[in-house]
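A.B. asks: Quick one: sequence plus predicted model below, questions after.
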Amino acid sequence: MPTPLDVAVDAAKQAGDLLKANFIADKTVDEAFHHDIKLALDKQSQDLISGIILKTFPDHAIYGEEGIGGNQESDHQWIIDPIDGTVNFFYEIPHFCISIAYRKGDEILAGVILDPMIGELWTVEKGGKPLLNGREVQVSSRTKLEESILFVGPGKTEKSLDVGLGRFKKASLRARKMRMMGSAALGMAYVASGRLDAYVESRISLWDIAAGKLLVEAGGGKVELTRNPEAEDSYSIIATNGKIPIEEIL
């Protein structure tokens, strides 16, 4: 029987093929908001991923950005973001990914993040090393903010925008470079790989960061989550290489 990681990789690759095939194409918008878009392909991607998972693990629970499925009483849960970076995808900016995490109870045991446009696949299991296309990666060794590259997300609500933009300005005075990239999951994968030194956002959903949290921690970094009382499974996040003095810009 395939392992949860095997199934997550298969599901991510099939969803990645779907998204890549539709990257340069007219896209059906189900819902449009001021700061976000919901595409028909979001749901189509999640349905594809869920179907692959439930075929192997029919008694497991699905918890995704596009809804729930499976056996919601199960202690085994799959946390899915079928397109993390939907706005990028819609505007044909090739920076988005599929994120899948598997957890039992409160413990995340496996995670997969796939960037289908450039073919980068991050995988990790609890207690193991994070891998990028089968090669072990780790967080950066940088210790100075002046040498760091930081991803500070602005958030979408007025409150989170105030916090995020204030942090961005403060960090810009110290860091070598700042980035707002549009995909939390890829941001965390980049931290785990040593490309970025930190990812900070004041309001983010569980499905955006579940796989990335395990990746960063397995790569030697640190992830601090603070639950947002205003929304279920919403958090503020500080994910770093564990070496730069991030508290100086927060």
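C.D. replies: Cool, got the structure. Bear in mind that the values here come from a model prediction, so they are computed numbers and not experimental data.
A.B. asks: what residues go with each domain of the chain?
C.D. replies: 4-136, 145-249 (automatic domain parsing).
A.B. asks: Just say which of the ones you listed is most tucked in.
C.D. replies: domain 145-249 (a mean of 20; mean count of other Cβ atoms under 10 Å). Quick note: C-beta positions are derived from backbone N, CA and C, even for glycine.
A.B. asks: Now find how far off-centre it is within its chain.
C.D. replies: Centroid separation for domain 145-249 versus its chain: 11 Å, with Cα atoms, centre = their mean, to the nearest Å.
A.B. asks: Next: stretch 88-104.
C.D. replies: 7 Å.
A.B. asks: Would you mind putting the CA coordinates of that stretch into CSV?
C.D. replies: The C-alpha coordinates for stretch 88-104 follow below in CSV (Å, rounded to 0.1, in the frame of the first residue of the first chain):
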residue,chain,number,x,y,z
ASN,A,88,-0.9,35.0,-9.9
PHE,A,89,-2.2,32.0,-11.8
PHE,A,90,-5.2,34.0,-13.2
TYR,A,91,-2.9,36.8,-14.4
GLU,A,92,-0.5,34.2,-15.9
ILE,A,93,2.3,35.0,-13.5
PRO,A,94,4.1,31.6,-13.1
HIS,A,95,4.5,31.7,-9.3
PHE,A,96,1.9,29.4,-7.7
CYS,A,97,1.8,25.9,-6.3
ILE,A,98,-0.2,23.0,-4.9
SER,A,99,0.2,22.3,-1.2
ILE,A,100,-0.8,19.1,0.5
ALA,A,101,-0.2,18.1,4.1
TYR,A,102,-1.2,14.9,5.9
ARG,A,103,-1.8,15.0,9.7
LYS,A,104,-2.9,12.5,12.3
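A.B. asks: From what I see, L39 and K27 are in contact.
C.D. replies: Yes. Checked against Cβ atoms under 8 Å, the pair L39 and K27 is within contact range at 5.4 Å.
A.B. asks: What does T28 show for phi and psi?
C.D. replies: Main-chain dihedrals, T28, degrees, to the nearest 10: phi -80, psi 120.
A.B. asks: Can you check what pLDDT the model gives the nearest residue to it once chain neighbours are set aside?
C.D. replies: For T28, ignoring the flanking residues on the chain, the nearest one in space by Cβ to Cβ, 6 or more residues apart in numbering is A40 at 4.0 Å. At A40, the pLDDT value in this model is 86.
A.B. asks: do the same with K43
C.D. replies: Looking at K43, its pLDDT is 93.
A.B. asks: Please report the distance of the nearest residue to it once chain neighbours are set aside from T123.
C.D. replies: Of all residues not flanking K43 in the chain, E66 sits nearest, at 4.8 Å (Cβ to Cβ, 6+ apart). Separation of E66 from T123 (Cβ to Cβ, to the nearest Å): 23 Å.
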